[in-house]
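Novice: Below is the sequence, then the predicted model.
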Amino acid sequence: MEAIYYLATARSSHADQDYQLLNWQALQPEEPIVVGRLTAQLETNDGRRQIEIRLIREQQRGSATFRREALVNRRKVRLMDLLGNLRVVLFLPQDVQIITGSPAKRRRYLDITLCQTDPVYCRTLSAYNKVLEQRNALLRQIAEQGRGRDILPIYTEKLVHLGSQIFARRAAFVAQLAQEAQRIHYEALTQGREVIRLSYLPRLTADSLSRGDGETIQESSALADWLNEQQDTGRIEAKFQQVLDEIKKTELAGGTTRIGPHRDDWRFWVDGRDLSSYGSRGQQRTALLALKMAEINWMAEESGETPVLLLDEVVAELDEHRRALLLETVQKAAQSVLTATDPGMFTTAFLEKAATMTVENGRIMADTSVADTSAADSPADEQGDEAAGGPEALLEAES
């Protein structure tokens, strides 16, 4: 499951560093070799293709480093050009940290989801991060040495242009996601008992540096609505530039860029209260389920294909009603991968439609007992339909 997610997003769902993905024995050779390889055969609406990521261990200045290579149909491409070939939605028990954790976790969620469907956004985000790093380095140089003020406007102009595009895309995305999540939460998950609201909180105001939290959130929510109303980024750029001019002295003194999409946030509200602070564990899980199901619907509408669903021990976290609703969504998907330590949490009817496998000592083996039962109970023509339907992803991993 982690391998599938890595192929789709070029990020691990668990590890912080690439070397943590590799077998320790693969780290021993001193010569630069390919020590990790993931490849998948995909069948989508656009036809068949093969995608691949390689992790290459190299020695630089006496220490080992890792370089990644991406390939599509055996041709090397930029890493960001790999994104969008395979689209996934991942469910993890620890995903509740998206709600309760730091703003960085929530920005990461936005970026991973958008980069799977919007290559323009992904390229813009990459360029923005590079300009941000260069501008911050220049601000520190000015603060420490007093040199470089004359070229600061060049980096500021680039930052404003790229950042405004990110602001606009995030505002539109969150607005679309919020509408669908609210509907699912109200109609399907709580039967009209609770109302959630998902708010984008862009960091595009100088006042947010000094005012209280309540005022900041209210102003940021209104600003998100304004961003979503803009037909082009010209007015957004003008506002971004204006605010940067207002806090120029603060940035020069601190040596860092104080506003921009790199400091954005978004939050859930239930009946007017911040879910991260006042929601129960059950309410947080329910909101997260609504978010993920909304993400599935949004990604399917954007791409024309249902993403591959990855559910890692999530079913055990849900009550019977929410479990049934999630499994119903799973069965509508073209392809899903679920893990569990207790098969008893799935109904017999659900297992009969699934290909089940057992993992023992690092090896994956087909569970023939369930497969045989399913084959005996299913007409031959129905089995053929199951085998031919939907996108197919076959995974091979080597280390």
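Specialist: Ah, there it is. Residues are numbered from 1 along each chain as shown.

Novice: Tell me who's in contact with residue 164.
Specialist: By CB atoms under 8 Å, 6 or more residues apart in numbering, the contact set of residue 164 is 233, 236-237, 240. Any C-beta I mention is one placed from the backbone N, CA and C, and that applies to glycine too.

Novice: Going by distance to residue 174, which of the residues you listed wins?
Specialist: residue 236 (15.2 Å; CB to CB).

Novice: what residues are up against the closest one?
Specialist: By CB under 8 Å, 6+ apart, the neighbours of residue 236 are 164, 167-168, 227, 230.

Novice: Return the per-residue confidence for it.
Specialist: Note on residue 236: pLDDT of 97.

Novice: got it, and residue 14?
Specialist: Listed pLDDT for residue 14 reads 88.

Novice: where's it relative to residue 322, distance?
Specialist: Applying CB to CB, to the nearest Å, the value for residue 14 to residue 322 is 24 Å.

Novice: Of those two, give the one with the bigger neighbour count.
Specialist: Using other CB atoms under 10 Å as the criterion, residue 14 and residue 322 rank with residue 322 on top: 19 against 13.

Novice: The more buried one: helix or strand, and which one exactly?
Specialist: Residue 322 belongs to helix 320-332 when assigned by DSSP states H and E.

Novice: Save the contacts of residue 236 as TSV, and put in pLDDT, distance to residue 195 and secondary structure too.
Specialist: Formatted as TSV, the contacts of residue 236 follow (pLDDT from 0 to 100; distance: CB to CB, whole Å; DSSP: H, G, I helix; E, B strand; the rest coil):
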residue	pLDDT	distance to residue 195	secondary structure
164	98	32	helix
167	98	27	helix
168	97	27	helix
227	96	23	helix
230	93	27	coil
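
Novice: Of those residues, which is the nearest to residue 194?
Specialist: For the contacts of residue 236, the minimum distance to residue 194 (CB to CB) is 27.3 Å, reached by residue 227.

Novice: Return the distance of that closest one relative to residue 135.
Specialist: Residue 227 is 22 Å from residue 135, where distance means CB to CB.

Novice: in stretch 46-65, what's buried?
Specialist: 50-57 (16 or more other CB atoms under 10 Å).

Novice: Please list the outside residues in contact with the helix or strand that contains residue 268.
Specialist: Residue 268 is part of strand 265-270 when elements are defined by DSSP H and E. With contacts defined as CB under 8 Å, 6+ apart, strand 265-270 is touched by 99, 103, 106-107, 110, 174, 194-201, 203, 217, 220, 274-276, 278-279, 283, 287, 291.

Novice: Which of those fall within helices?
Specialist: 99, 103, 106-107, 110, 174, 217, 220, 275-276, 278, 283, 287, 291 (DSSP state H).

Novice: need those residues in JSON lines with distance to residue 344, can you?
Specialist: Shown next, in JSON lines, are those (distance: CB to CB, whole Å):
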{"residue": "99", "distance to residue 344": "29"}
{"residue": "103", "distance to residue 344": "39"}
{"residue": "106", "distance to residue 344": "35"}
{"residue": "107", "distance to residue 344": "38"}
{"residue": "110", "distance to residue 344": "36"}
{"residue": "174", "distance to residue 344": "38"}
{"residue": "217", "distance to residue 344": "44"}
{"residue": "220", "distance to residue 344": "46"}
{"residue": "275", "distance to residue 344": "31"}
{"residue": "276", "distance to residue 344": "33"}
{"residue": "278", "distance to residue 344": "35"}
{"residue": "283", "distance to residue 344": "27"}
{"residue": "287", "distance to residue 344": "27"}
{"residue": "291", "distance to residue 344": "28"}
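
Novice: By neighbours, which of these wins?
Specialist: With neighbours defined as other CB under 10 Å, the most crowded of the ones in helices among the contacts of strand 265-270 is residue 287; it has 26 neighbours.

Novice: The residue nearest to that one when sequence neighbours are not counted: neighbour count?
Specialist: Leaving aside its chain neighbours, residue 287 sits nearest to residue 268 (5.0 Å; criterion: CB to CB, 6 or more residues apart in numbering). Residues lying near residue 268 (other CB under 10 Å) number 25.

Novice: so what's residue 268 scoring on pLDDT?
Specialist: On the pLDDT scale, residue 268 is placed at 93.

Novice: again, but for residue 218
Specialist: pLDDT at residue 218 comes out at 80.

Novice: what do you get for residue 331?
Specialist: Here, the pLDDT recorded for residue 331 equals 86.

Novice: For stretch 175-191, buried residues please.
Specialist: In stretch 175-191, counting by 16+ other CB under 10 Å, buried: 175-178, 180-182, 184-186, 188-190.

Novice: and of those residues, the nearest to residue 21?
Specialist: Lowest distance from residue 21 to those (CB to CB) belongs to residue 177, with 29.7 Å.

Novice: pretty sure the closest one contacts residue 198?
Specialist: Yes - between residue 177 and residue 198 a contact is recorded at 6.5 Å, counting by CB atoms under 8 Å.

Novice: now do the same end-to-end measure for stretch 109-126.
Specialist: The straight-line separation of the ends of stretch 109-126 (CA to CA, to the nearest Å) is 15 Å.

Novice: Check the offset of it from the chain's centre.
Specialist: Its chain's C-alpha centre and that of stretch 109-126 lie 9 Å apart, by CA atoms, centre = their mean, to the nearest Å.

Novice: quick one on the thing from earlier: so the residue nearest to residue 287 bridges to which residues?
Specialist: In this entry, residue 268 is beta-bridged to residue 198, by DSSP bridges.

Novice: got it, and residue 366?
Specialist: With DSSP bridges as the rule, residue 366 is bridged to residue 357.

Novice: That one: neighbouring residues, count only.
Specialist: For residue 366, the neighbour count with other CB under 10 Å is 11.

Novice: Contacts only, for it.
Specialist: Taking CB under 8 Å, 6+ apart, we find residue 366 in contact with 355-357.

Novice: what about residue 35, is that helix, strand or coil?
Specialist: strand (DSSP: H, G, I helix; E, B strand; the rest coil).

Novice: State which strand of this protein is the longest.
Specialist: Determined from DSSP state E, the single longest strand within the chain is strand 47-60.
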